[in-house]
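Undergrad: Could you work out the structure for the sequence below:
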Amino acid sequence: MAKPGYGKRSAPNQLPRTRADFGLLPTRERYVAGFVDHLPEGAAMSVKQLAKQLPLYGQQAISSALTALSVAGHLRRVRCAVGAGDETRWVFRTFWSRTAHDNEWWQAYLAAEHAAHAVSPVPDASAADSAPPPWVPADERPPTPEDPGTERAAPRPAAVPHQRTPVQAPDAEPVPLAPGTAPAAPQPCEDNPSPAYLALARLGHEDRRLPLSADDCADLEPQAAEWLTRGVSVDYLISALTAGLPAQVDTPLGFVRRRLTDKIPPRIPTTASASPGTPGPAPTRRILMECTDCGRPGQPEALPDGLCRPCRTAHRPDTDETPASPAEAAEIKARMTDLRGLLKSV
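TA: Now for the predicted structure:
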């Protein structure tokens, strides 16, 4: 069975499995509950997947059965935010309990799960503590650390900007090496160029009117680094230096130096200024409950029985949210009409 799609997660405090389980439920709900209870951990519990596995009922019947099981206290559906920044996405999970629990128990359990995983940092990659939270799907689990005996792939060399070479006179001849003398190895370039250096080196690729040599980039690197310490990104720095260029730039070095001085942005105070390349804070994994019937998200206390107010009113018409009868609605409408008439006469 597919892994995504409201993957099953077993809740704690469940009684041992017996033949009398779900005996008080109707036939359809008892059939669906017995099947779900025997599903392995992480199995898909979406309506479509369950309908494929249960040939006796269609998707509408499965959806109604899951709603009834939610009202009975056997399941709650949640969505969890996984990731950080622009790569955050929602993962849907279904917490299942063979033993029925009331709304207070589910609220306390989901609140404890949310608090436990909101404050706990991401564990280090080790053999014992490398498992992510239970609702993270298998395709997002971090890779297991390599064995000490395995050979690691060689790291890719860092990109170094093109450097100018001195032009040799056409009539100059290379000096021959002495016999037995090995040719000198070329001097290695800078291994780890800074983000400011790389941004300056990219100017010539972004716009051919701003070609900078390696010496030019090294000369302007402190000024560009000052921009990055003020909270701007590398792309912002490049766009600020290449925007509105004249038709011809005679001295790219002086032109870029002047722009770095005149257009320097204001310093934005930050609570935690992390240096480039350092890992940021651990992403917070939020748990948000959703309606079992329509999927509307909300807090656990706002979704008693796992249902939102419209769905709860539709499935349980004897609640306090029962809409007014047609006679009462007509009386209210007539009363409002009389009030509007009185206001017009004033």
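Undergrad: How is residue 40 assigned, secondary-structure-wise?
TA: Three-state assignment for residue 40 (DSSP: H, G, I helix; E, B strand; the rest coil): coil.
Undergrad: Next: the one 10 residues further on.
TA: Per three-state DSSP, the secondary structure class of residue 50 is helix.
Undergrad: so who does it touch?
TA: 32, 35, 36, 44, 62, 66 (Cβ atoms under 8 Å, 6 or more residues apart in numbering). Just so you know, the C-beta spots here come from the backbone N, C-alpha and C atoms, and that holds for glycine as well.
Undergrad: can you tell me how far it sits from residue 234?
TA: As judged by Cβ to Cβ, to the nearest Å, residue 50 and residue 234 stand 48 Å apart.
Undergrad: Widest-spaced pair of the contacts of residue 50?
TA: 32 and 44 (14.1 Å; Cβ to Cβ).
Undergrad: Of these two, give the one with the bigger neighbour count.
TA: residue 32 (24 against 20; other Cβ atoms under 10 Å).
Undergrad: Show me which positions of the lengthiest helix in the chain end up buried.
TA: Using DSSP state H to define each element, the chain has its longest helix at helix 326-345. The neighbour-count check on helix 326-345 (16 or more other Cβ atoms under 10 Å) flags nothing as buried.
Undergrad: Show me what the mean pLDDT comes to for that helix.
TA: Helix 326-345 carries an average pLDDT of 82.
Undergrad: ok, now which ones touch the closest residue to residue 291 other than its chain neighbours?
TA: The shortest distance from residue 291 to any non-neighbouring residue, by Cβ to Cβ, 6 or more residues apart in numbering, is to residue 308 (4.2 Å). Counting by Cβ under 8 Å, 6+ apart, residue 308 makes contact with 291, 293, 294, 296, 298, 302.
Undergrad: Just the ones of the residues you listed in strands?
TA: Among the contacts of residue 308, the residues falling in strands (DSSP state E) are residue 298.
Undergrad: quick one: low-confidence ranges for this structure?
TA: When residues are selected by pLDDT under 70, those of the chain lie in 1-6, 83-88, 117-191, 268-286, 315-324, 345-346.
Undergrad: And the strands in it?
TA: 7-10, 75-82, 89-96, 287-290, 297-298.
Undergrad: So which of those has the densest surroundings on average?
TA: strand 75-82 (a mean of 21; mean count of other Cβ atoms under 10 Å).
Undergrad: so residue 32 makes contact with residue 62?
TA: Yes. Counting by Cβ atoms under 8 Å, residue 62 is a contact partner of residue 32 at 6.6 Å.
Undergrad: Name the residues contacting each of those two.
TA: 50, 54.
Undergrad: gap between residue 308 and residue 294?
TA: 6 Å.
Undergrad: ok, now residue 238?
TA: In terms of Cβ to Cβ, residue 238 sits 47 Å off from residue 294.
Undergrad: higher neighbour count, the two?
TA: residue 238 (20 against 13).
Undergrad: quick one, what contacts that one?
TA: Contacts for residue 238 (Cβ under 8 Å, 6+ apart) come out as 199, 202, 203, 206.
Undergrad: of those residues, buried ones?
TA: Buried among the contacts of residue 238 (16+ other Cβ under 10 Å): 199, 202, 203.
Undergrad: show me where the stretch 151-300 of the chain has helices.
TA: 195-201, 203-206, 214-229, 234-242, 252-262 (DSSP state H, counting those that start in this stretch).
Undergrad: can I get the CA coordinates of the second one in CSV?
TA: The C-alpha trace of helix 203-206 is given here as CSV (Å, rounded to 0.1, in the frame of the first residue of the first chain):
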residue,chain,number,x,y,z
LEU,A,203,29.2,40.4,-12.6
GLY,A,204,31.0,39.8,-15.9
HIS,A,205,28.7,36.8,-16.6
GLU,A,206,25.6,38.8,-15.7
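Undergrad: Identify the residues contacting that helix?
TA: 210, 211, 212, 238, 241, 242, 252, 256.
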